[in-house]
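Student: Prediction below, plus the sequence it came from.
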Amino acid sequence: MTYGEAKQFISGYLQGDNSSAVIEPIHFKMAILEIATRCVPKELTLPYTGDETDIFRLLPIDEDTATQLYIKIPDIQQTVNDDDEMPIDQQLAMAVIFYVCSYHSNKYIEKYEKKAELIISVFVSNELP
């Protein structure tokens, strides 16, 4: 999903709640990191070599392959192009949207957080071992 599409969703959800919300790139980064604390987004997972400077969290060593992976901090600049893809798995894009909505909502913070958490739990339950 692109940033432009995500902004349209967010604006739609916030109508009648906080229509004047200004969505900044930092809100997307905050939401993606919030998701990365709860699950392992494949889009942000890379092999760990020890030279990385963009580590959000290390994952346990895979016993079968003896490799260690890490979740990287998403590279979201202070300005993003609406045509750019969000650096998150497509299945988690709506969770990003709902977290950003929760940051701006005046009335429905918990509702949006619960929707995001439901999407994350479905993502985790559908992962293969």
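Tutor: That came through fine. Numbering: from 1, shown residues only.

Student: chain center to the lengthiest helix in the chain: distance?
Tutor: Ranked by residue count under DSSP state H, the longest helix found in the chain is helix 109-125. Computed by CA atoms, centre = their mean, to the nearest Å, the separation of helix 109-125 from the middle of its chain amounts to 11 Å.

Student: which helices and strands does that helix pack with?
Tutor: helix 25-38, helix 93-104 (3 or more CB pairs under 8 Å, 6 or more residues apart in numbering; DSSP states H and E). To be clear about C-beta, it is placed using only N, CA and C from the backbone, and glycine gets the same treatment.

Student: so which of those comes closest to residue 122?
Tutor: helix 93-104 (9.5 Å; CB to CB).

Student: just to revisit the earlier point, what angle separates the longest helix of the chain from helix 93-104?
Tutor: Interaxial angle, helix 109-125 versus helix 93-104 (axes from the mean of the first three to the mean of the last three CA atoms, to 10 degrees): 160 degrees.

Student: Any chance of the backbone angles for residue 62?
Tutor: phi -70, psi 120 (degrees, to the nearest 10).

Student: how close does residue 6 get to residue 85?
Tutor: 10 Å (CB to CB, to the nearest Å).

Student: who's in contact with residue 52?
Tutor: 46, 70, 72 (CB atoms under 8 Å, 6 or more residues apart in numbering).

Student: and what of residue 18?
Tutor: 104, 105, 106.

Student: Distance to residue 15 and pLDDT added to those, as TSV?
Tutor: Converted to TSV, the contacts of residue 18 look like this (distance: CB to CB, whole Å; pLDDT from 0 to 100):
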residue	distance to residue 15	pLDDT
104	12	97
105	11	96
106	12	94
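
Student: Filter these down to just the buried residues.
Tutor: Listed as buried from those are 104, 105; burial here means 16 or more other CB atoms under 10 Å.
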